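Student: The following comprises the amino acid sequence and a computationally predicted model.
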Amino acid sequence: MTDTKFSIGQQVEHKRFDYRGLIFDVDATFAGTEAWYTQMATSKPPKHEPWYHVMVHEADHTTYVAERNLRAHLGTGYIDHPLLGTYFNGFEDGVYKPVAAH
């Protein structure tokens, strides 16, 4: 996989939209559709760099975000999201531990 700045279980903040979230999956390059990119990625971030699947704190949706639009969250607070238990089962020093693969 391409070098990534962030990892699964890491908390991040969106630079433009100022929300906190939790990374639950990573794509080495953009893996969405051209239609989605045209409509949603209005700042036209590079497709050849990593993209992250993010649970939005205190919301019930997820987002798909280019690496350049994220920064590390330096706090250690919990994430409140309905999918949390599906992907993670531990929490230590602000980092979530992924559920073991079956």
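Tutor: Structure's in. What do you need?
Student: tell me which element W36 is part of?
Tutor: helix 34-40 (DSSP states H and E).
Student: For that helix, which outside residues touch it?
Tutor: Applying Cβ atoms under 8 Å, 6 or more residues apart in numbering, the contact partners of helix 34-40 are F30, K47, Y64. Using the backbone N, CA and C atoms, a C-beta is placed for each residue, glycine as well.
Student: can you pull the buried residues of it?
Tutor: Neighbour-count burial for helix 34-40 flags Y37 (criterion: 16 or more other Cβ atoms under 10 Å).
Student: related to what we said a few turns ago, from the contacts of helix 34-40, keep the buried residues only.
Tutor: Neighbour counting with 16+ other Cβ under 10 Å marks F30, Y64 as buried within these.
Student: Restricted to helices, list the contacts of helix 34-40.
Tutor: In helices, judged by DSSP state H, none of the contacts of helix 34-40 are found.
Student: will you turn the contacts of helix 34-40 into TSV that also has distance to N89 and pLDDT?
Tutor: Shown next, in TSV, are those (distance: Cβ to Cβ, whole Å; pLDDT from 0 to 100):
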residue	distance to N89	pLDDT
F30	29	97
K47	33	96
Y64	24	97
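Student: May I have the helix or strand that contains V26 as CSV, with CA atoms only?
Tutor: Per DSSP H and E: V26 is located in strand 20-27. Only the C-alpha atoms of strand 20-27 are listed here, as CSV (Å, rounded to 0.1, in the frame of the first residue of the first chain):
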residue,chain,number,x,y,z
ARG,A,20,-13.8,15.0,14.4
GLY,A,21,-13.9,11.4,13.2
LEU,A,22,-12.4,7.9,13.3
ILE,A,23,-10.7,6.2,10.4
PHE,A,24,-12.2,2.7,9.9
ASP,A,25,-10.8,1.9,6.4
VAL,A,26,-8.1,3.2,4.1
ASP,A,27,-7.8,3.2,0.3
